[in-house]
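**Q** Got a sequence here, can you build the structure:
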Amino acid sequence: MIGYVTLGTNRFDEAAEFYDGLFAVIGAGRMLERDTFIAWGTGMTSPAVSITRPWDGEPATVGNGVMVALVVDSTDKVDALHAKALELGGKDEGAPGPRGNAFYAGYFRDLDGNKLNAFCMTGG
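**A** The predicted structure is shown next:
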């Protein structure tokens, strides 16, 4: 259902490096790129995550209660994405682990403070 999610950034070049490294863990790469916008995904018909400098010229801000959830197919990939985010300078917002029935997730913030998680359904 989701086509793409866009996150504002005040640190465009650093954010691009952060997401290049993060999404490489799950085989996603840059699929669209402009001077002020980059989108990562696995194909043009698959969901994507993008960053942008705000069009209005104002500073990017973090939405309170807003989170981007990245679905993967294993707990190992959840662990790897969370670890990579921290390695790239992100902030831990909740270590990977089970969260209720069949839901396994790890939470982190990117360099601009945007909250993301990586999750998978474990079938249990």
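
**Q** Where do the strands of this structure begin and end?
**A** For the chain, applying DSSP state E gives strands covering 4-8, 29-33, 37-41, 48-52, 67-71, 91-98, 103-109, 115-121.

**Q** Tell me the helices and strands packed up against the longest one.
**A** The elements that strand 91-98 packs onto, with contact taken as 3 or more C-beta pairs under 8 Å, 6 or more residues apart in numbering; DSSP states H and E, are helix 75-87, strand 103-109, strand 115-121. (Each C-beta comes from the backbone N, C-alpha and C, glycine too.)

**Q** Can you add distance to Met44 and give those back as TSV?
**A** Formatted as TSV, the helices and strands packed on strand 91-98 follow (distance: least, C-beta to C-beta, whole Å):
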stretch	distance to Met44
helix 75-87	22
strand 103-109	27
strand 115-121	22
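
**Q** Glu17 is nearest to which of those?
**A** Among these, the nearest to Glu17 by C-beta to C-beta is helix 75-87 (11.9 Å).

**Q** how far does that closest one sit from the chain's center?
**A** On the basis of C-alpha atoms, centre = their mean, to the nearest Å, helix 75-87 sits 11 Å off its chain's mean C-alpha point.

**Q** wait, Lys123 sits on Asn101?
**A** Careful, residue 123 is Gly and not Lys. No. With contact defined as C-beta atoms under 8 Å, Gly123 does not reach Asn101; the gap is 9.8 Å.

**Q** So those two - more neighbours on which side?
**A** Asn101 (9 against 6; other C-beta atoms under 10 Å).

**Q** Burial check on Gly89, number of neighbours?
**A** 13.

**Q** And Gly57, by the same measure?
**A** Neighbour count of Gly57, defined by other C-beta under 10 Å: 6.

**Q** surely Asp92 meets Leu86?
**A** Yes. Asp92 lies in contact with Leu86 (C-beta under 8 Å); the separation is 5.9 Å.

**Q** if I look at these two, which residues touch both of them?
**A** Common neighbours of Asp92 and Leu86 (criterion: C-beta atoms under 8 Å, 6 or more residues apart in numbering): Phe108.
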